[in-house]
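Novice: Predicted model, plus sequence, below.
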Amino acid sequence: MAAIEILDLEKTYQVGFWHARPKLALRPLRLTIEEGEVFGFLGPNGAGKTTTLKLLMGLVYPTAGTARILGMAIDDPRVKAQIGFLPEQPYFYDYLTAQELLTYYAQLSGVPAKERSQRVTGILARFGLTDSARLQLRKFSKGMLQRLGLAQAILHDPKIVFLDEPMSGLDPMGRREVREMIQQMRNEGKTVFFSTHILSDAEALCDRVAIIHQGELRGVGAVAHLTSQAQQGRVEIIFCAPSVPQALASLGVEARLSGDMVNAVVEEDKQEAALEILRRERIRLISLTPVRSSLEEYYVQKLQPRGNGKGAGA
Amino acid sequence: MNSRIGYVAFNTFREAVRDRVLYNLIAFALLLSAAAVLVGEISIDIERLVVVNLGLTAVSLFGVVIAIFMGIGLVSKEIEKRTLYTVLARPVRRWEFVVGKFFGLTGTLVVNTFFMAIGVFLALLYVAHTFQKADLWVLLALYFIVLEFLIVCALALLFSSFSTPLMSAVFTFALFIIGSLADDLRGFARITHGTVGAFATAIAYLVPNFSALNIINQAAHGFAVPGRLILYDTLYALLYSAMAISGAVLIFQRRNLK
């Protein structure tokens, strides 16, 4: 069974007070996320990522279309017990302590009274917040709040976790912590749907990604597939040599000398000729790998205006 | 009560306490102590009348101000600060959230009124040196004041579900003033005819009738209050606040939380 099925979900807001005019936030979106997947929802600011998440959470209502979570309609109250949500730049009741907030959320999520205290203590320890458990949230740093946000999202052991820009505004250590936590969720078999515009995080974490721009789905697929699809028909050769051999330079390679290592990029059809030169000059080959596009290149391609002719893949 | 409503209500109460809303009790205590000492010095035989009038009016005004200023932010503040998102992403229905907020606020006011009532009775004891049977009417007046709070809270919540805090405060306060003059408005409606008369009658019956809930003067003079009035006023306050809360739920249910 699919974890999330988005079936032509569409949202148009009315903007303006006296002369309300429609503003399209999300064009009909069709997407399926399988159970156990870590799915990245990528796009620039204002692309429609948060709108999609709010639609799935029932915080805004669709203009058209529907969605199903674990086979149930999104307005089915049983769905809410199976999902966790971290909003973008979360803000919690700052007059509460971390322990009180998590206890309150555990109560609302229907965690049985007998398990509540143990569950809260356990989750505080898991997210490194035990020492701050009795501290009011107004005294928390941004990183601590983000950890608390993740803690509240999985407090009730949901099957699916929705995270809206979970790394946004964090320092490198904070981002690393969040990445590790998402990895941990994957290891526990949870489905993770997260929106981001930090592509390196998506590339490192996601099984599949979708790219959305101006409310429109521009591409979707497995990260490995998308990056290999966009590869450029070139190979990278690394070998040991004090300088770039003259014969190799005449092949038109792009070479860079670093100490006694040479990093050369050559067209695939000239690969054999280049290797023959290295053999002939008895140069030690270190590695030969196809040049692959990064997710960033694929992302940039997908963000080009329609009809630009550069679109590739899915 | 549905347990989720109870949790939301308790959290609302806790917010009020931590935001030092109950600090108004200090101002109230100071006001009443000063009044009790002052009337003890200057008035002859009307100390009780002055203390009851002043005490109950202060209970009512302090409570209405709290009801309005807390009530107008109950929903809008949660939307603005986005604290609502992580609540509604849980198995909490929107109507449960609104009703929980209402109970939390009225619970805060009941606790506040309880402590103020103690203050009023202590002041009465100070000026009269003993309690009288007529003091029971003071208790009843306090009950009517709590009924008044129910309506004010419900109205503030209703306006808060679709309007900005400032406009909600203006609307609620305006309705409180008009409602306090409801008897006069009904009198005016009776003596006018035609379109103006129909309009005045409609307004007179639509606004909350706070003057029917004001028995401070009777309590101060120790006049008896008929049982029928207690029943009617209770039913009226419950129905009126239920209707306002239903309106708030209907509006909030349809609202996109942008």
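Specialist: Yep, that arrived.
Novice: neighbours of the residue in the stretch 201-314 of chain A positioned nearest to chain B, just the number please.
Specialist: Closest contact between the stretch 201-314 of chain A and chain B, by CB to the nearest CB, is at residue A:215 (14.8 Å). Just so you know, the C-beta spots here come from the backbone N, C-alpha and C atoms, and that holds for glycine as well. Using other CB atoms under 10 Å in any protein chain shown, residue A:215 is surrounded by 22 other residues.
Novice: And for residue A:45?
Specialist: 9.
Novice: near chain A, which residues of the stretch 1-150 of chain B?
Specialist: Residues of the stretch 1-150 of chain B lying close to chain A (CB under 8 Å from any CB of the partner chain) are B:3-4, B:7-8, B:11, B:14-15, B:18-19, B:81-83, B:85-93.
Novice: can you rerun that using 10 Å?
Specialist: With CB under 10 Å from any CB of the partner chain as the criterion, the stretch 1-150 of chain B meets chain A at residues B:3-4, B:6-8, B:10-11, B:14-19, B:78-94, B:96-97, B:100.
Novice: Which ones among those residues map onto strands?
Specialist: Cross-referencing those against strands under DSSP state E gives no overlap.
Novice: Filter those down to the buried ones, PyMOL style.
Specialist: To isolate the buried members of the residues of the stretch 1-150 of chain B next to chain A in PyMOL, using 16 or more other CB atoms under 10 Å in any protein chain shown:
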select buried, chain B and resi 4+7+8+10+11+14+15+16+78+79+82+83+84+85+86+87+88+89+90+91+92+93+94+96+97+100
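Novice: From the residues of the stretch 1-150 of chain B next to chain A, which land in helices?
Specialist: Among the residues of the stretch 1-150 of chain B next to chain A, DSSP state H puts B:3-4, B:6-8, B:10-11, B:14-18, B:78-81, B:83-88, B:94, B:96-97, B:100 in helices.
Novice: Rank the helices and strands of chain A by mean pLDDT and give me the bottom one.
Specialist: Least confident helix or strand of chain A, by mean pLDDT, DSSP states H and E, is helix A:223-229 with a mean of 74.
Novice: which residues of the chain score low on pLDDT?
Specialist: In the absence of a named chain, this looks at chain A. Within chain A, the stretches with pLDDT under 70 are A:228-232, A:292, A:306-314.
Novice: look at chain B instead
Specialist: In chain B, residues with pLDDT under 70: B:1, B:40, B:43-45.
Novice: Centre of it to the edge, which residue is at the far end?
Specialist: residue B:194 (34.5 Å; CA atoms, centre = their mean).
Novice: I would like the residues contacting stretch A:274-293, please.
Specialist: A:224, A:226-241, A:245-251, A:253, A:261-268, A:271, A:299-301, A:312-313 (CB atoms under 10 Å, 6 or more residues apart in numbering or on different chains).
Novice: and that stretch, how far out from the chain's middle?
Specialist: When distances are taken as CA atoms, centre = their mean, to the nearest Å, stretch A:274-293 is centred 35 Å away from the chain's centroid.
Novice: So which bits of that stretch are buried?
Specialist: Under the neighbour-count criterion of 16+ other CB under 10 Å, stretch A:274-293 has A:274, A:275, A:277, A:278, A:283, A:292, A:293 buried.
Novice: mind putting these in JSON lines, secondary structure included?
Specialist: Below are these laid out as JSON lines (DSSP: H, G, I helix; E, B strand; the rest coil):
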{"residue": "A:274", "secondary structure": "helix"}
{"residue": "A:275", "secondary structure": "helix"}
{"residue": "A:277", "secondary structure": "helix"}
{"residue": "A:278", "secondary structure": "helix"}
{"residue": "A:283", "secondary structure": "coil"}
{"residue": "A:292", "secondary structure": "coil"}
{"residue": "A:293", "secondary structure": "coil"}
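Novice: Which member of those is positioned nearest residue A:42?
Specialist: Relative to residue A:42, the closest of those is residue A:293; by CB to CB it sits at 14.9 Å.
Novice: ok so, going back, was I right about the residue of the stretch 201-314 of chain A closest to chain B contacting residue A:44?
Specialist: No - the pair residue A:215 / residue A:44 is not scored as a contact, 11.6 Å apart, by CB atoms under 10 Å.
Novice: Please name the residues that touch the residue of the stretch 201-314 of chain A closest to chain B.
Specialist: Here residue A:215 is in contact with A:10-12, A:23-29, A:43, A:46-49, A:51-52 (criterion: CB under 10 Å, 6+ apart).
Novice: Which ones among these map onto strands?
Specialist: A:10, A:11, A:12, A:23, A:24, A:25, A:26, A:27, A:28, A:29.
Novice: got a winner among those residues for most neighbours?
Specialist: Most surrounded of those: other CB under 10 Å gives residue A:26, at 28 neighbours.
Novice: which ones are touching that one?
Specialist: With the criterion set at CB under 10 Å, 6+ apart, residue A:26 makes contact with A:6, A:9-13, A:47-49, A:51-52, A:54-55, A:60, A:62-65, A:212, A:214-217.
Novice: Give me the PyMOL select line for those, limited to the buried ones.
Specialist: Here is the PyMOL command that selects only those of the contacts of residue A:26 that count as buried (16+ other CB under 10 Å):
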select buried, chain A and resi 6+9+10+11+13+47+48+49+51+52+54+55+60+62+63+65+212+214+215+216+217
